[in-house]
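Student: Sequence and predicted model, in that order:
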Amino acid sequence: MKIVGLTGGIATGKSTVSQMLAKRGYAIIDADAVVHDLQVKGSPLLQEISSVFGSTILTEDGSLNRKALGQLIFADQTARQQLNAIVHPAVWTEFQKRIAESTADVLFLDVPLLFETGFDVLTDVNWVISAPVQVQLSRLMLRDGLTEKEAWARIDSQMAMHQKIERADVVIDNSGDLNELEAKVNLFLGEILR
């Protein structure tokens with residue numbers, strides 16, 4: 001099995017590439033989906049998060065209020081580090097379980113914080129989806145309805161794009177349109193399958 005790390009800065013198009021790969025039938029373990037699975041209402045992980053951050057990060061029915069948690073952790077680096085210390089070990093364990101269960105020839109690990117969390121030790125090759133920071137900023141504000149200040153806080157919370165690019169085996173620039181992106185994905189898929 002070849003394991004490919006798929007990462008990029010926020011709003012660079014990593015999820016778009018992940019969707020393209022899924023449509024082609026590639027196996028993908030998506031870190032965001034794993035986190036959502038682990039943080040369901042009543043889960044031990046959600047209970048631990050709410051014990052640290054309080055009930056304000058829960059909805060009335062006891063589910064996670066992602067918007068409230070996001071506002072808290074992107075405004076406070078210490079809070080973000082606390083959350084990561086709770087969440088990342090659980091995600092790591094679940095990733096190892098899902099990798100062990102996979103029978104795919106090529107498995108993609110879709111991890112926004114691939115390098116920041118050390119998950120790249122699980123991969124054979126790493127793809128970084130990149131875009132100029134002004135493109136990221138405008139996409140993020142449009143996509144998530146954020147102010148410029150809120151969008152910058154999210155961009156600044158991640159490893160700088162040039163650092164991710166330095167650690168990449170493959171860099172896919174996504175400053176163009178979807179057709180250009182798809183052509184680049186096809187090119188690099190061809191290299192993996194050779």
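Tutor: That came in fine, so what should we check first? Residues are numbered from 1 along each chain as shown.
Student: From the contact counts, what lies against the helix or strand containing Leu187?
Tutor: Here Leu187 sits within helix 178-193, counting by DSSP states H and E. Counting contacts by 3 or more C-beta pairs under 8 Å, 6 or more residues apart in numbering; DSSP states H and E, the secondary-structure elements packed against helix 178-193 are helix 14-23, strand 170-173. Glycine gets a C-beta too; all of them are placed from N, C-alpha and C.
Student: Val4 bridge partners, please.
Tutor: The residues paired with Val4 through beta bridges, assigned by DSSP bridges, are Phe108, Val125.
Student: Can you give me the pLDDT of it?
Tutor: As summarised for this prediction, Val4 has a pLDDT of 98.
Student: who's in contact with it?
Tutor: 106-109, 123-127, 192 (C-beta atoms under 8 Å, 6 or more residues apart in numbering).
Student: So which residues make contact with the helix or strand containing Thr78?
Tutor: With elements delineated by DSSP H and E, Thr78 resides in helix 77-101, which encompasses its position. The contact list for helix 77-101, computed with C-beta under 8 Å, 6+ apart, reads 3, 29, 31, 34-35, 37-39, 45, 48-49, 52-53, 69, 72-74, 107, 109, 117, 119, 122, 157.
Student: So which of those are in strands?
Tutor: The subset of the contacts of helix 77-101 located in strands under the criterion DSSP state E comprises 3, 29, 107, 109.
Student: Tell me which residues touch the second one, please.
Tutor: It refers to Ile29. Counting by C-beta under 8 Å, 6+ apart, the residues that Ile29 touches are 95, 98-99, 102, 107-110.
Student: Dig out what it forms beta bridges with.
Tutor: Under the criterion used here (DSSP bridges), Ile29 is bridged to Leu109.
Student: How far off centre is the least confident helix or strand in the chain by mean pLDDT?
Tutor: One helix or strand of the chain scores below all others by mean pLDDT, DSSP states H and E: helix 66-75, with a mean of 90. For helix 66-75, the separation from the chain centroid amounts to 16 Å (computed by C-alpha atoms, centre = their mean, to the nearest Å).
Student: buried residues in it?
Tutor: Judged by neighbour count (16 or more other C-beta atoms under 10 Å), helix 66-75 contains these buried residues: 69-70, 72-74.
Student: would a markdown table of those with distance to Glu166 be doable?
Tutor: Listed next are the buried residues of helix 66-75 as a markdown table, based on distance: C-beta to C-beta, whole Å:
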| residue | distance to Glu166 |
| --- | --- |
| Leu69 | 31 |
| Gly70 | 28 |
| Leu72 | 31 |
| Ile73 | 26 |
| Phe74 | 25 |
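Student: can you list the weak-confidence ranges in this structure?
Tutor: Judged against pLDDT under 70, the chain has no low-scoring part.
Student: Which of the three states applies to the residue nearest to the spatial centre of it?
Tutor: Taking C-alpha atoms, centre = their mean, the centroid of the chain lies closest to Pro112, which sits 2.4 Å from it. Local secondary structure at Pro112 is given as coil here, using DSSP: H, G, I helix; E, B strand; the rest coil.
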